[in-house]
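[1] Structure for this input, please:
(one chain, ligands or ions: 3)
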Amino acid sequence: MSACKFLPDPKTIAVVGCPFSGGQPRVGVDKGPIHIVEAGLLTQLKELGWNVQFDGHHQFEEISAANDPPIGKLKNPRFVSKVTKAVAQVVGDHAKKGKLPLTIGGDHSLAMGTISGTLDTYPDACVIWIDAHADINTSDTTDTGNIHGMPVSFLLGLGSKVPEFSWVKSSLRPDRIVYIGLRDVDAGEKRILKENNIKAFSMHEVDKYGIGKVVEMALDHVTPNRDRPIHLSFDVDALDPTVAPSTGTPVRGGLTFREGHYICEAIYETGLLVALDLMEVNPSLEDEASVKQTVAVGCSLVRSALGETLL
Ligand SMILES: NC(=[NH2+])NCCC[C@H](N)C(=O)O
Ligand SMILES: [Mn+2]
Ligand SMILES: [Mn+2]
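    Ligands and ions are numbered 1, 2, ... in the order given. Predicted coordinates for the structure are as follows:
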């Protein structure tokens, strides 16, 4: 295992299971991590040569805010804030101990926490965000009020400040994040991407250049000298719904099975990966075969990002 330049031996993955759905309205995404672990992911990672540490899924019920009316348009703001803050702490602690945090969601609002934890440990880290969506709405631009559509704006410090989220590490620079897979971006989000010069490779660029070139260009943008720690945040809805059907906001025209895995393999090969998120697997959506397929593809994406090769 070549693994990561930033991690001491023995190479250890700290699995952070986050059964959380408060950043969006569809029930079931909180069951994602349980299904993924039950499918045998931890054993599979051990077989790749990793030490795997898992202290059980987080129990967020205790911190659920009973009285949590919207703040502006934001839904469940206190609950999302408390949970993601706890996740930031856990992810940051693991990273500071030289482990690679693997966070399994749960909805994508969790990335506010995971990336805050990464930035706290590696201030010059960059983020590669794989998604059908840009998740960069601000508290001002959001149509839905669902916080899973907003984590990136908080991390960049964009939009009106929401005191509830003042703990979020808003030190991410707009030139240290790059997107791949976008195809459902709200009008306000398009404006934000342009105004902040944020690099994004939509499915149009994947079609035009091919995934190999796109990943190379993405890496050239965020780490031209291949020396910065990488946080990979993978929303399973980046994949085409025929590949990963069980997710809350599916959008047709997505990444193929191989394109998704290629991204993960290529990022592993850089030796720069320091943290990984797998988000938005919802085992309550679609039929049993679809759930099995989505959980299996989630596991194999993670294996590819953590060193599984085809040969
Ligand atoms: N993580 C996700 N699946 N996000 C979907 C976001 C959809 C839409 N842009 C919104 O703000 O609500
Ligand atoms: Mn998405
Ligand atoms: Mn997302």
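[2] I'd guessed residue 48 sits against residue 308; true?
    Yes. Counting by C-beta atoms under 8 Å, residue 308 is a contact partner of residue 48 at 5.9 Å. To be clear about C-beta, it is placed using only N, CA and C from the backbone, and glycine gets the same treatment.
[3] In the stretch 51-200 of the chain, which residue sits nearest ligand 1?
    Closest contact between the stretch 51-200 of the chain and ligand 1, by C-beta to the nearest ligand atom, is at residue 149 (2.4 Å).
[4] Just give the number of residues close to the nearest residue to that residue once chain neighbours are set aside.
    Nearest non-adjacent residue to residue 149, counting by C-beta to C-beta, 6 or more residues apart in numbering: residue 137, 4.9 Å away. Using other C-beta atoms under 10 Å, residue 137 is surrounded by 28 other residues.
[5] likewise residue 33?
    27.
[6] What is the neighbour count of the residue in the stretch 151-300 of the chain that ligand 1 sits nearest to?
    Here the stretch 151-300 of the chain gets closest to ligand 1 at one residue, residue 249, 4.2 Å apart by C-beta to the nearest ligand atom. Counted with other C-beta under 10 Å, residues neighbouring residue 249 total 20.
[7] helix/strand/coil for it?
    coil (DSSP: H, G, I helix; E, B strand; the rest coil).
[8] Renumber starting at 47 from here on
    Okay, residue one is now 47; in that scheme the one you just asked about reads as residue 295.
[9] which one is it nearest to, not counting chain neighbours?
    Closest residue in space to residue 295, ignoring its immediate chain neighbours: residue 283 at 5.7 Å, by C-beta to C-beta, 6+ apart.
[10] Ok, residue 64 next?
    In space, residue 64 is closest to residue 152, 3.9 Å off (C-beta to C-beta, 6+ apart).
[11] who's in contact with that neighbour?
    By C-beta atoms under 8 Å, 6 or more residues apart in numbering, the contact set of residue 152 is 64, 65, 66, 67, 75, 76, 78, 79, 325, 326.
[12] interface residues of the chain facing ligand 3?
    154, 177, 179, 181, 281 (C-beta under 5 Å from the ion).
[13] For burial, what's the neighbour tally of the fourth one?
    Other residues within reach of residue 181, judged by other C-beta under 10 Å, total 29.
[14] so what's it up against?
    Contacts for residue 181 (C-beta under 8 Å, 6+ apart) come out as 154, 157, 175, 194, 195, 196, 197, 198, 281.
[15] Restricted to helices, list these.
    Counting by DSSP state H, the contacts of residue 181 place 157, 197, 198 in helices.
[16] Which element, helix or strand, includes the residue nearest to residue 215 when sequence neighbours are not counted?
    Excluding the flanking residues, the one nearest residue 215 by C-beta to C-beta, 6+ apart is residue 162, at 3.9 Å. Assigned by DSSP states H and E, residue 162 falls within helix 157-167.
[17] Which elements pack onto that helix?
    Helices and strands touching helix 157-167, by 3 or more C-beta pairs under 8 Å, 6 or more residues apart in numbering; DSSP states H and E, are helix 123-142, strand 146-151, helix 197-202, strand 276-281, strand 319-325.
[18] quick one: contacts of it?
    If you take C-beta under 8 Å, 6+ apart as the criterion, helix 157-167 is touched by 62, 126, 129-142, 147, 149, 171, 173, 181, 193, 197-198, 200-201, 211, 213-215, 217-218, 275, 277, 279, 320-321, 323, 325.
[19] Is any residue of it near ligand 2?
    No. Using C-beta under 5 Å from the ion, helix 157-167 stays clear of ligand 2, with a minimum separation of 10.7 Å.
[20] State the mean pLDDT of that helix.
    For helix 157-167, the mean pLDDT works out to 98.
[21] and the angle for that helix with strand 319-325?
    170 degrees (axes from the mean of the first three to the mean of the last three C-alpha atoms, to 10 degrees).
[22] how about helix 157-167, does it reach ligand 1?
    No. Against ligand 1, helix 157-167 shows no contacts by C-beta under 6 Å from any ligand atom, the least distance being 8.5 Å.
[23] Determine which of the helices and strands packed on helix 157-167 approaches residue 235 most closely.
    For the helices and strands packed on helix 157-167, proximity to residue 235 was assessed by C-beta to C-beta; helix 197-202 is nearest, at 8.7 Å.
[24] List the contacts of the closest residue to ligand 3 within the stretch 97-246 of the chain.
    Residue nearest to ligand 3 within the stretch 97-246 of the chain: residue 154 (3.5 Å; C-beta to the ion). Residues near residue 154 by C-beta under 8 Å, 6+ apart: 69, 177, 181, 194, 195, 197, 279, 281, 323, 325, 326.
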